[in-house]
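> got a sequence here, can you build the structure:
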Amino acid sequence: MSIIHVDKMRMSLAEIAKVTDGELFYSGSAIIRNISLDSREIEEGTLFVAIKGERFDGHDFIGKAFEDGAAAIICERIPYKVKGNVILVDNSLAAFGAIARTHKQLIKPLTVGITGSVGKTTTKQFISAVLASKYKTHKTDGNFNNEIGMPITILRMPCDTEALVLEMGMSFKGEISRLSKIAEPDIAVITNIGSSHIENFGSREGIRDAKMEIADGLNKKKGTLVLNGDEPLLSGVESAVYVAMNNESADYRPVNIVEGDGYFTFDIKTPDGIAKNFRINVLGIHNVYNAAVAYTVGKLAGVCDSRIREGLLNFENAAMRQNIYENKGYTIIEDCYNASPESMAASLSVLCAKAKQGRRVAVLGDMLELGEQSDILHYGVGKKAAEMGIELLFAFGPHAGKMAEGAISAGMAADRVTVFTDNSDAQGFAKIVSAKLTEGDTVLFKASRGMALERITKILSEE
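Numbers count the residues shown, from 1 in each chain. Alright, predicted model coming up:
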């Protein structure tokens, strides 16, 4: 995590103490030029924020931070004999978020917040591309979508930013609420309600309630909530704008969809009639929905149809999401960033669309944080793969057996299913996969982030 160089930092130590509800001690002259959460990354003018993490407690390194030239420290306790500019707060992480919120309030960009069980990063990319056709746009980079990453994104925002697009992830109840109150979005999007992190919420209803926390920080005067009109759990929300693929009563819906070789064209039904002639150069019917959400956000943000068309054509997917390339005579679809039952199904549909010739091969790793439903959901993914006509299945990880059972139950021959449960032996698994691939195959690699399935594609590329 590199040091955060805040564009034209405008807050004094006294102002920072005020916005963080902190108490300023040992106040001397100091000019804050940047912020760091890592005591190893201190420069002249650095404000070091001491946060307690899973492996390290920043408070243990306050002395070293001062020795290395930190201008000031934000912390929850002051170590014995340490002297320097200190802002004492109740919660350093909350204070960090408060600084980011204040920075955003000074710049005043149009702000879009996005959450959802599946597709939020891709939808963020679509929305950013659309808004960038009219506004100077800053967006979440990579996986900076939590209570540390999102404030970093905001603080790195240039002062001339006109539109800010923020992705919000969660693992537990209350996280989205805190993120939303930092972001204070003008437009808040929930892409869908799936099964991701169901281990921590107990049910899809629990996931829905946690996702709806995005409304907690929504601009009270002019904020708009954009919801999935095909999801019954999100129906009936007053004043919400609905986007759907199938629900004809939704405010916005793609129609006249035509699939080409690596692209889709479509029109969009809107409250004002049919908007015509949109195109996205990406596979997967689910991306037509993502593009329709981006169109909706664009219209709410005052972007005209011609610029939205341009923005959708400029869409670029994020790293490790639907990265398609040729390797030794076969085609790889690398989609290793994350996985849930819903995104597995979407990626399998991309595989089927891409594999015009040769075999459809799926290398599927475990989906994490599914709790008591893990076995049945992995079984369901295997079953879905067989039903969609996947011809060769490699199941990878501790739940591989359940995935294989599901595939075989749906008619896939047992000799076309390979189970490999040892997640630590990437080399061994890659060797097995490589031995069974033939020229002309199209191979999907998909798993939760914790499985690091890209290890396999890297080995195959280096053979």
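> could you look up the SS state of the closest residue to Val49 other than its chain neighbours?
Residue nearest to Val49 in three dimensions, not counting chain neighbours: Ile74, with 4.6 Å by Cβ to Cβ, 6 or more residues apart in numbering. In short, each C-beta sits where N, CA and C put it, glycine included. Following DSSP: H, G, I helix; E, B strand; the rest coil, the label given to Ile74 is strand.
> ok, Ile74 to Ile87 distance?
5 Å (Cβ to Cβ, to the nearest Å).
> domain assignment for the protein?
Domains of the chain are assigned by automatic domain parsing as 4-95, 108-313, 323-462.
> quick one: which of these is nearest Arg101?
Evaluated over the domains of the chain, closeness to Arg101 peaks at domain 108-313, with 4.7 Å, by Cβ to Cβ.
> pLDDT below threshold where in the stretch 251-400 of the chain?
Low-confidence segments of the stretch 251-400 of the chain, defined by pLDDT under 70: 319-320.
> centroid residue for this structure?
Thr121 (3.9 Å; Cα atoms, centre = their mean).
> now do the contacts for the closest residue in space to that one that isn't next to it in sequence.
Spatial nearest neighbour of Thr121, excluding adjacent residues (Cβ to Cβ, 6+ apart): Ala318 at 5.1 Å. Ala318 makes contact with 121-122, 124-125, 142, 337, according to Cβ atoms under 8 Å, 6 or more residues apart in numbering.
> which one among the residues you listed gets closest to Lys446?
For these, the nearest to Lys446 is Tyr337 (9.3 Å; Cβ to Cβ).
> part of a helix, is the closest one?
No. Tyr337 sits outside any helix when classified using three-state DSSP, being coil.
> show me whatever sits in contact with both of Ile74 and Ile87.
16, 20, 22, 95.
> reformat those residues as JSON lines; add secondary structure.
What follows is the shared contacts of Ile74 and Ile87, written out as JSON lines (three-state DSSP):
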{"residue": "Ile16", "secondary structure": "helix"}
{"residue": "Thr20", "secondary structure": "coil"}
{"residue": "Gly22", "secondary structure": "coil"}
{"residue": "Ala95", "secondary structure": "helix"}
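> got JSON lines for these, with pLDDT and neighbour count too?
As requested, these are exported to JSON lines (pLDDT from 0 to 100; neighbours: other Cβ atoms under 10 Å):
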{"residue": "Ile16", "pLDDT": "93", "neighbour count": "24"}
{"residue": "Thr20", "pLDDT": "97", "neighbour count": "25"}
{"residue": "Gly22", "pLDDT": "96", "neighbour count": "22"}
{"residue": "Ala95", "pLDDT": "97", "neighbour count": "26"}
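> tell me which of those is nearest to Asp68?
Using Cβ to Cβ, the shared contacts of Ile74 and Ile87 come closest to Asp68 at Ile16, 19.8 Å.
> quick one, what contacts that closest one?
Ile16 neighbours (Cβ under 8 Å, 6+ apart): 22, 32, 47, 72, 74, 87, 99.
> now do the SS call for the residue nearest to the centre of the chain.
helix.
> does it touch Arg321 like I think?
Yes. Counting by Cβ atoms under 8 Å, Arg321 is a contact partner of Thr121 at 6.6 Å.
> need the residues touching each of those two.
Counting by Cβ under 8 Å, 6+ apart, the contacts common to Thr121 and Arg321 are Tyr337.
> so the residue nearest to Thr121 is in which element?
Secondary structure assignment for Ala318, by DSSP states H and E: no helix or strand.
> now Val258
With DSSP H and E as criterion, Val258 is part of strand 253-259.
> do the same with Asp230
Applying DSSP H and E, one finds Asp230 in no helix or strand.
> what separation do you get for it and Thr121?
20 Å.
> and the closest residue to Leu313 other than its chain neighbours, which of the three is it?
Nearest non-adjacent residue to Leu313, counting by Cβ to Cβ, 6+ apart: Arg279, 6.3 Å away. On the three-state scheme (three-state DSSP), Arg279 is labelled strand.
> going forward, count from 22.
Will do, 22 is the new start, and the previous item becomes Arg300.
> hmm, Arg300 is touching Phe336, no?
No. With contact defined as Cβ under 8 Å, Arg300 does not reach Phe336; the gap is 10.2 Å.
> who has more neighbours out of those two?
Phe336 (20 against 15; other Cβ atoms under 10 Å).
> circling back to that earlier point, so how far is Ile37 from the residue nearest to Leu334?
In terms of Cβ to Cβ, Arg300 sits 47 Å off from Ile37.
> now do Ser50
In terms of Cβ to Cβ, Ser50 sits 15 Å off from Ile37.
> same thing with Leu398?
For Leu398, the distance to Ile37 - Cβ to Cβ - is 46 Å.
> more crowded one of Ile95 and Ile108?
Ile95 (28 against 24).
> distance of the more buried one from Val110?
In terms of Cβ to Cβ, Ile95 sits 6 Å off from Val110.
> okay, and the common contacts of those two?
41, 43, 116.
> how many residues are close by Cys325?
The number of residues packed near Cys325 is 12, by other Cβ under 10 Å.
> and for Ser482?
Counted with other Cβ under 10 Å, Ser482 comes out at 12.
> for it, give its distance to Glu347.
In terms of Cβ to Cβ, Ser482 sits 10 Å off from Glu347.
> now do the helices in the stretch 22-171 of the chain.
34-40, 83-88, 113-128, 141-153, 170-176 (DSSP state H, counting those that start in this stretch).
> any idea of the mean pLDDT for the last one?
Yep, that's helix 170-176 we're talking about. Confidence for helix 170-176, expressed as mean pLDDT, is 96.
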